[in-house]
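>>> Just to be clear, the model below is a prediction. Sequence and coordinates:
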Amino acid sequence: MSFSLEIFCKALVTTALILLVFIVDPLGIRNSAEDHYEDHILRLWSPFFSQTVSDEIVVVLIDDQYIDATKTYPVSYRNLARLLKTISRFEPDSMFYDILQHHEHSDNLNRWLQTLDNQKFPIFMASNTTYDTEQRLNDPESLRHKIANVAQLAAVSWSGEGRYYPLSVPWNDKTMNTVAAAMYQDWCTRDKQCDTTSIGNIDDAVIVQWSNKHASKQESFFPLGFDCGEHTNQLQQLKELLVVSLTQGIQDQNDVDATLRKRCPPFLTIAASKLSAPGSAGSRELKQAIQGKMVLVGYHVTGGVDLVVSPVHGTLPGVYFHAMALDNLVTLNGEYWRSPADTGLFNLSIADMVEISVQTIVLFLVIWFRFNFLEQQENQHFDEQQKLWGAFVPMLIIIAVIGISVAVSHFVLNVGAPNWYGLILIIFIDLPIFFFFIFEAFRPKLQTYKERVCLFAKNTKHKLRKTQ
């Protein structure tokens with residue numbers, strides 16, 4: 001097959017038009033599709049994130065029952081101090097309060113501050129970096145100044161990261177670590193397997209992978225009122241997710257929801273009402289659940305607005321987002337799925353540029369094959385072997401290019417599957433074209449077999465008539 005400048009120019013023009021649509025992203029179609037497919041990938045990957053629920057992280061939820069019992073909302077400083085004292089009896093390694101405290105709202109503030117200051121383990125408090133200005137933090141009369149003196153601030157709000165979890169955010173001409181990053185760095189000081197030299201290089205936002213596991217004793221600590229079900233093997237879970245994901249349109253919606261959405265939380269979760277119950281301070285069960293763990297405390301009350309949407313669980317209290325991001329850092333030890341920052345060129349990341357490059361190569365091969373090979377059939381006669389060779393070579397090149405791109409993305413650039421799902425889709429979009437060409441190459445043989453079968457059927461029918 002000879003090289004044609006005309007066909008080469010057609011490929012360039014067509015490719016340029018496709019890339020223009022990709023970059024301009026009319027009506028946000030590309031971003032919407034990326035978010036949709038990313039959810040599917042995270043859901044399908046959830047059985048493989050971990051074998052069991054994390055044994056490093058515990059979540060404590062301030063629930064409706066606790067609010068009803070204490071009759072204060074927000075929780076008073078007196079009750080916060082009591083809750084902290086109870087938890088500290090069980091010797092956690094660190095704690096985080098997903099509670100923004102901007103204004104004094106009850107009595108006994110000094111008791112709360114003193115209780116925070118007395119703890120021997122690090123305590124991280126939620127911070128809105130926009131609110132926590134340098135002036136406010138330096139003001140002795142400010143509540144934020146008082147809290148910052150007895151606890152470490154960790155960012156819980158940010159912008160510009162979309163659905164991802166940043167590890168630091170701009171703050172007063174510096175940066176502040178987010179909750180997951182701050183607690184991970186503290187955890188690294190105690191864990192011998194943690195590579196402390198790489199902590200400073202961890203900065204790219206996390207594509208949070210969600211586990212679909214749940215604690216076997218969950219019902220004892222936070223009654224859910226339903227059965228969490230038994231753990232099946234990972235391949236069986238993947239099979240069920242694939243079947244339901246690919247046949248949603250013909251299945252009952254309740255069955256789809258039951259398979260795709262896990263109703264039980266991804267961490268051992270303890271109700272604050274359980275911790276405040278009579279005799280809880282001496283509970284061996286609670287000590288076993290909390291001792292040596294990182295404890296994250298958040299609200300879970302009816303009508304609460306601090307929520308996160310998990311592709312695996314649906315809507316959860318916002319504290320789980322911090323817990324799951326922390327679990328990603330601990331479990332993957334720095335090899336987490338990254339969301340590459342924009343390169344500054346048309347808001348494209350390095351992952352987008354890899355995908356565009358692959359799309360350009362694939363598109364050129366498809367157009368080149370279509371025009372250069374098929375149009376020459378009108379002037380030249382290709383035998384069966386030439387047709388098969390002409391179809392298989394571009395197909396193998398496409399698979400090789402995509403395979404190399406996926407390997408580079410995953411092992412070199414450390415970007416996870418949600419960044420390169422588009423590369424896999426290219427295979428499903430373009431390979432059928434070459435399968436059609438392969439079918440065309442075999443069509444003469446298929447026609448011959450068809451004629452032989454028809455002749456055999458005709459002769460058999462004729463013989464049967466004679467015997468009758």
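On my side now, so go ahead.

>>> low-scoring pLDDT stretches of the stretch 251-400 of the chain, where are they?
For the stretch 251-400 of the chain, applying pLDDT under 70 flags the ranges 341-347, 370-391.

>>> I figured residue 92 hits residue 291, correct?
Yes. Using CB atoms under 8 Å, residue 92 is in contact with residue 291, at 7.1 Å. All C-beta atoms are positioned from the backbone trio N, CA, C, and that covers glycine.

>>> More neighbours: the two, which one.
The neighbour comparison of residue 92 against residue 291 (other CB atoms under 10 Å) goes to residue 92, with 21 against 13.

>>> Just the element for that one, please.
Following DSSP states H and E, there is no helix or strand that holds residue 92.

>>> I'd say residue 325 and residue 208 touch.
Yes. Residue 325 lies in contact with residue 208 (CB under 8 Å); the separation is 5.2 Å.

>>> okay, and the common contacts of the two?
residue 165 (CB atoms under 8 Å, 6 or more residues apart in numbering).

>>> Show me this structure divided up by domain.
Per automatic domain parsing, the structural domains of the chain span 5-28+342-460, 52-228+263-339.

>>> which of those domains is buried the deepest?
Stretch with highest mean neighbour count among these: domain 52-228+263-339 (a mean of 18; mean count of other CB atoms under 10 Å).

>>> As TSV, the domains of the chain with distance to residue 249 would be great.
Listed next are these as TSV, based on distance: least, CB to CB, whole Å:
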stretch	distance to residue 249
domain 5-28+342-460	18
domain 52-228+263-339	19
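
>>> Nearest to residue 252 among the ones you listed would be which one?
Proximity to residue 252 (CB to CB) singles out domain 52-228+263-339 among these, at 17.1 Å.

>>> How far does the closest one stretch from one end to the other?
End-to-end span of domain 52-228+263-339 (CA to CA, to the nearest Å): 26 Å.

>>> to the chain's geometric centre, what's the distance from that domain?
With CA atoms, centre = their mean, to the nearest Å as the basis, domain 52-228+263-339 stands 20 Å off its chain's centre.

>>> Chain neighbours aside, what residue packs nearest to residue 248?
residue 256 (5.4 Å; CB to CB, 6 or more residues apart in numbering).

>>> quick one: the one you found and residue 28, what's the gap?
26 Å (CB to CB, to the nearest Å).

>>> Setting aside sequence neighbours, what's the nearest residue to residue 336?
Nearest to residue 336 is residue 328, by CB to CB, 6+ apart, at 4.8 Å.

>>> Could you confirm the one you found falls within a strand?
No. Counting by DSSP: H, G, I helix; E, B strand; the rest coil, residue 328 is not part of a strand but helix.

>>> so it sits right up against residue 334, yeah?
No. Between residue 328 and residue 334 there is no contact under CB under 8 Å: 10.0 Å.

>>> In CSV, please show the C-alpha coordinates belonging to stretch 149-162.
Only the C-alpha atoms of stretch 149-162 are listed here, as CSV (Å, rounded to 0.1, in the frame of the first residue of the first chain):
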residue,chain,number,x,y,z
ASN,A,149,-3.2,27.1,70.2
VAL,A,150,-4.4,23.7,71.6
ALA,A,151,-4.9,21.8,68.3
GLN,A,152,-3.6,21.5,64.8
LEU,A,153,-5.7,23.0,62.0
ALA,A,154,-6.4,21.0,58.9
ALA,A,155,-8.2,22.2,55.8
VAL,A,156,-11.7,20.8,55.0
SER,A,157,-12.8,23.2,52.3
TRP,A,158,-11.2,24.1,48.9
SER,A,159,-12.1,25.1,45.4
GLY,A,160,-10.9,24.2,41.9
GLU,A,161,-10.4,20.5,42.5
GLY,A,162,-13.8,19.3,41.4
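
>>> contact partners of it?
By CB under 8 Å, 6+ apart, the residues outside stretch 149-162 that reach it are 96, 98, 100, 113-114, 116-117, 122-130, 132, 147, 166, 168-169, 171, 176-179, 181-183, 205, 318, 322, 339.

>>> Which parts of the stretch 251-400 of the chain are strands?
For the stretch 251-400 of the chain, the strands defined by DSSP state E, counting those that start in this stretch occupy 268-271, 294-300, 307-310, 314-317, 338-339, 342-345, 348-349.

>>> elements contacting the first one?
Applying 3 or more CB pairs under 8 Å, 6 or more residues apart in numbering; DSSP states H and E, one finds that strand 268-271 makes contact with strand 57-63, helix 218-221, helix 284-290.

>>> Try it again at 10 Å.
strand 57-63, helix 64-70, helix 218-221, helix 284-290, strand 294-300, helix 319-332 (3 or more CB pairs under 10 Å, 6 or more residues apart in numbering; DSSP states H and E).

>>> I'd like the ones you listed laid out as TSV, including distance to residue 394.
Below are these laid out as TSV (distance: least, CB to CB, whole Å):
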stretch	distance to residue 394
strand 57-63	49
helix 64-70	61
helix 218-221	53
helix 284-290	58
strand 294-300	52
helix 319-332	37
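
>>> Show me the one of those that comes nearest residue 352.
Within those, the stretch nearest residue 352 is helix 319-332; the backing value is 22.2 Å (CB to CB).

>>> Could you tell me the per-residue confidence at the residue lying closest to residue 297 once chain neighbours are set aside?
Leaving aside its sequence neighbours, residue 297 sits nearest to residue 60 (CB to CB, 6+ apart; 4.6 Å). pLDDT recorded at residue 60 is 98.

>>> For residue 60, name its beta-bridge partners.
For residue 60, the beta-bridge partners are residue 270, residue 297 (DSSP bridges).

>>> wait, it sits on residue 99?
No. Using CB atoms under 10 Å, residue 60 makes no contact with residue 99, being 11.5 Å away.

>>> Quick check: neighbours shared by these two?
Listed as contacting both residue 60 and residue 99 by CB atoms under 10 Å, 6 or more residues apart in numbering are 297, 298, 319.

>>> Distance of the first one relative to residue 47?
Remark: distance between residue 297 and residue 47 (CB to CB) = 29 Å.

>>> Ok, residue 68 next?
For residue 68, the distance to residue 47 (CB to CB) stands at 37 Å.

>>> And the pLDDT at residue 419?
59.

>>> same thing with residue 1?
At residue 1, pLDDT is 50.

>>> coming back round to it: between the helices and strands packed on strand 268-271, which one is closest to residue 43.
Nearest to residue 43, of all the helices and strands packed on strand 268-271, is helix 319-332, at 13.8 Å by CB to CB.

>>> Dump the closest one to CSV, keeping only the CA atoms.
This file holds the C-alpha atoms of helix 319-332, laid out as CSV (Å, rounded to 0.1, in the frame of the first residue of the first chain):
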residue,chain,number,x,y,z
VAL,A,319,-16.3,13.0,57.4
TYR,A,320,-16.1,9.8,55.3
PHE,A,321,-14.5,11.7,52.4
HIS,A,322,-11.6,12.6,54.7
ALA,A,323,-11.5,9.1,56.1
MET,A,324,-11.5,7.4,52.7
ALA,A,325,-8.8,9.8,51.3
LEU,A,326,-6.7,9.0,54.4
ASP,A,327,-7.2,5.3,53.8
ASN,A,328,-6.1,5.7,50.2
LEU,A,329,-2.8,7.2,51.4
VAL,A,330,-2.3,4.6,54.2
THR,A,331,-3.2,1.6,52.1
LEU,A,332,-1.5,2.6,48.9
